[in-house]
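**Q** my questions concern the predicted model and sequence given below.
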Amino acid sequence: MPSPSASRSRRRIAIQAPSPGWSLQTRLVIAFTAVVALALLIGGASAALQLEGSFRDQERADLDGRGTAALSVVISRIQVATSGGQRPIIDPSGVPSTAVEEALDPAEPFLTDVADLIAQGDVTVSLERQAEDGSFVPAGVFAATHSPRVIEGQSRQPIRLVITAEIADAWYARPGRPTPDVQVHVTISDPFTFRDRSIQTVRGLLVLVGSLVFALAGLFSLWLARRLTTPVTRLTRAARAMAEGDLNQHVPIDPSWPRELVDLSEQFNTMAERLEQSIRLVQEDRDRSRDFLADVSHELRTPIAALRTYNELLRDGADVDAATREEFLHSSAEQIERLDWLATNLLELSKLDIGLVALDLRPNDLRGAAESAIEAATQGASRKGVDLRAKLPSRPVRTRHDQQRIGQLLSNLLGNAVKFTPSGGTVTLTLERNGEGAILRVADTGIGIDASELPHIFDRFYRGTRAAEARATGSGLGLAIVKSIVDMHRGLITVDSAPGQGTTVEVRLPRDPETVTVTDSSSARGRP
């Protein structure tokens with residue numbers, strides 16, 4: 001069994017919220033600046049190496065020039081000291097002559113001036129004499145170091161440069177004898193140059209320029225990250241608001257955004273609009289269902305109450321005669337028939353609403369459905385004394401329709417027309433061709449409909465206020481079913497009526513419902 005402290009520790013772990021990670025904007029800024037920094041480091045290092053190599057080559061060329069100048073001056077000094085061959089450069093004993101030693105004496109200012117002014121480093125002059133076998137043997141060495149005088153910005157470099165030249169020792173020139181050559185080697189060691197200062201200056205400039213570029217890259221990356229993450233932030237804010245129940249969200253779109261973010265924002269707005277529309281439809285359907293349930297409850301209550309009353313009277317053995325009992329039974333049968341009719345219509349309307357009824361669209365002749373509807377309504381019209389007429393064209397009127405549903409539509413319209421037309425009146429069913437579609441029109445000479453009631457005639461259970469006795473015999477669902485069938489056929493239904501002037505219901509059906517977009521399929525107007 002775990003101890004209380006362990007349990008508390010486990011609870012603390014369970015409720016500890018995870019630490020939030022870096023935002024997309026921060027990640028983009030860091031990534032971009034890191035790439036720029038890496039590029040600057042690589043570029044700076046490459047530039048430094050290239051510059052160092054360039055400085056080295058330049059330094060080598062400069063030293064070559066110094067060495068050549070120093071050698072030229074030394075050779076001129078030697079030639080002047082030997083009076084152009086009047087004195088030997090190298091004595092027969094193999095050492096430099098006295099004139100040469102005096103000319104190149106380090107104690108004299110000449111060699112020191114060469115080291116300070118020309119070579120700008122330590123200078124060593126080596127003399128070698130050509131032997132009889134043609135080889136060169138050392139004869140003497142003269143050296144001078146650079147004085148403490150240094151030009152500002154210069155520094156010593158660990159470099160050694162040797163420049164060599166051969167001159168003829170003309171003092172030995174004799175007829176028939178070769179003149180020996182003397183090799184003069186001028187060595188410049190540890191010269192002073194501006195290389196370190198130049199490299200330091202270039203490095204400072206690289207660091208300064210790199211820092212400036214890095215700062216600009218940071219600012220640019222921040223601007224770019226904000227520009228890229230602004231649409232995402234707006235989408236997140238809108239999605240959070242939608243999650244909290246505010247579905248009226250729309251993300252403003254800037255055309256200058258990247259194409260992908262513009263497409264994403266457009267799709268989000270489309271989704272939000274469709275979601276809002278779907279929620280609105282669900283709410284409307286919920287409201288309709290609530291009203292529908294209330295209407296159904298109200299409609300069922302009346303026949304059920306009547307049946308309960310009749311049943312209680314008969315069960316309690318009320319003192320009723322045979323005629324009254326017969327009347328009770330007849331009224332009960334009517335209420336049961338009304339319940340059956342109501343249940344049948346409710347089931348049919350529910351199937352139409354939720355899409356359980358699939359249309360069997362076939363290119364049939366509409367005259368067949370019209371003739372069947374007239375035949376079914378003839379007996380009821382004759383019993384009431386209403387003249388039922390049909391005006392059908394001689395040629396077929398073919399549209400793609402569900403013949404059974406169109407027949408149900410016409411039966412409901414003809415039944416309503418006969419019901420609200422008094423004896424001696426007329427009900428006319430007309431079929432006409434309308435372009436590639438068709439028009440079905442049911443006109444009666446009945447009591448008509450008041451203008452204030454016309455907007456509600458397609459509502460479920462609505463039976464109006466006039467002619468209560470005639471209206472009470474129906475379920476109030478006939479026209480609602482008619483409108484559902486018209487909607488399924490992508491058609492249009494209109495009602496034109498006025499009190500005392502009859503009613504005309506016109507249904508326009510397209511040639512092919514599948515080629516028609518969904519629109520408002522009903523309208524009603526009163527006659528002036």
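**A** Structure received. As the structure is a prediction and not an experimental result, all values here were calculated from the model. Numbers count the residues shown, from 1 in each chain.
**Q** sketch out the low-pLDDT regions of the stretch 401-528 of the chain for me.
**A** In the prediction, the stretch 401-528 of the chain carries residues with pLDDT under 70 at positions 461-476, 518-528.
**Q** in it, which spans are helices?
**A** Listed in chain order, the helices found in the stretch 401-528 of the chain under DSSP state H, counting those that start in this stretch are 403-419, 468-472, 478-488.
**Q** tell me how many other residues surround residue 244.
**A** By the measure other Cβ atoms under 10 Å, the count of residues near residue 244 is 8. All C-beta spots, glycine's among them, are computed from the backbone N, C-alpha and C.
**Q** distance from the chain centre to stretch 396-414, please.
**A** Its chain's average C-alpha position is 49 Å from that of stretch 396-414, according to Cα atoms, centre = their mean, to the nearest Å.
**Q** for residue 188, name its beta-bridge partners.
**A** On the basis of DSSP bridges, residue 188 is bridged to residue 123, residue 161.
**Q** quick one, what contacts it?
**A** Listed by Cβ atoms under 8 Å, 6 or more residues apart in numbering, the contact set of residue 188 reads 63, 66, 67, 70, 119, 121, 122, 123, 159, 160, 161, 163.
**Q** gap between it and residue 307?
**A** Counting by Cβ to Cβ, to the nearest Å, the gap from residue 188 to residue 307 is 132 Å.
**Q** and for residue 87?
**A** In terms of Cβ to Cβ, residue 87 sits 159 Å off from residue 307.
**Q** next: residue 81.
**A** 153 Å.
**Q** which elements pack onto the helix or strand encompassing residue 102?
**A** With elements delineated by DSSP states H and E, residue 102 resides in helix 98-103, which encompasses its position. Applying 3 or more Cβ pairs under 8 Å, 6 or more residues apart in numbering; DSSP states H and E, we find helix 98-103 packed against helix 24-81, strand 136-144.
**Q** run the angle between the shortest one and helix 24-81 for me.
**A** Here strand 136-144 runs at 110 degrees with respect to helix 24-81, directions being taken by axes from the mean of the first three to the mean of the last three Cα atoms, to 10 degrees.
**Q** the host helix or strand of residue 129 - contacts with which helices or strands?
**A** Here residue 129 sits within strand 122-130, counting by DSSP H and E. Secondary-structure packing of strand 122-130 (3+ Cβ pairs under 8 Å, 6+ apart): strand 136-144, strand 181-189.
**Q** so of the ones you listed, which one's packed in deepest?
**A** A comparison of those by mean neighbour count, using mean count of other Cβ atoms under 10 Å, puts strand 181-189 on top with a mean of 20.
**Q** now do the buried residues in the helix holding residue 102.
**A** In terms of neighbour count (16 or more other Cβ atoms under 10 Å), helix 98-103 has its buried residues at 99, 100, 103.
**Q** list the contacts for the first one?
**A** Pointing back at residue 99 there. Applying Cβ under 8 Å, 6+ apart, one finds that residue 99 lies in contact with 81, 82, 83, 87.
**Q** pLDDT score assigned to the third one?
**A** Right, residue 83. Here the pLDDT value assigned to residue 83 is 84.
**Q** same deal with the last one?
**A** Confidence per residue is given as pLDDT, and for residue 87 that number is 86.
**Q** mind listing the strands for the stretch 151-300 of the chain?
**A** Assigned by DSSP state E, counting those that start in this stretch, the strands in the stretch 151-300 of the chain fall at 155-156, 160-168, 181-189, 192-193.
**Q** closest to residue 221 out of those?
**A** strand 155-156 (40.3 Å; Cβ to Cβ).
**Q** mind listing what that closest one pairs with, with the direction of each?
**A** Strand 155-156 has the following strand partners under DSSP bridges: strand 192-193 (antiparallel).
**Q** what residues does the partner strand touch?
**A** Counting by Cβ under 8 Å, 6+ apart, residues outside strand 192-193 touching it are 59, 62, 63, 120, 121, 146, 150, 151, 154, 155, 156, 157.
**Q** quick check: which of those has the minimum pLDDT.
**A** Taking pLDDT as the measure, those have their low point at residue 150 (66).
**Q** hang on, isn't residue 416 packed against residue 479?
**A** Yes - at 7.0 Å, residue 416 and residue 479 qualify as touching, with contact defined as Cβ atoms under 8 Å.
**Q** so what's the residue count around residue 241?
**A** One way to gauge burial is a neighbour count; for residue 241, by other Cβ under 10 Å, it gives 14.
**Q** can you check the one 4 residues further on too?
**A** The local packing of residue 245 (other Cβ under 10 Å) involves 7 other residues.
**Q** tell me how far it lies from residue 234.
**A** Distance check for residue 245 against residue 234: by Cβ to Cβ, it reads 19 Å.
**Q** could you do residue 484 as well?
**A** Applying Cβ to Cβ, one obtains 42 Å for the distance of residue 484 from residue 234.
**Q** repeat that for residue 499.
**A** Taken as Cβ to Cβ, the span from residue 499 to residue 234 is 57 Å.
**Q** just want to know which of the two has more residues nearby.
**A** The residue with the greater number of neighbours, taking residue 499 and residue 234 and applying other Cβ under 10 Å, is residue 234; the counts read 19 against 15.
**Q** dump the residue contacts of the closest residue to residue 238 other than its chain neighbours.
**A** Across the structure, with Cβ to Cβ, 6 or more residues apart in numbering as the measure, the residue nearest residue 238 apart from its sequence neighbours is residue 249 (4.2 Å). Contacts were defined as Cβ under 8 Å, 6+ apart; by that measure residue 249 touches 238, 239, 241, 242, 272.
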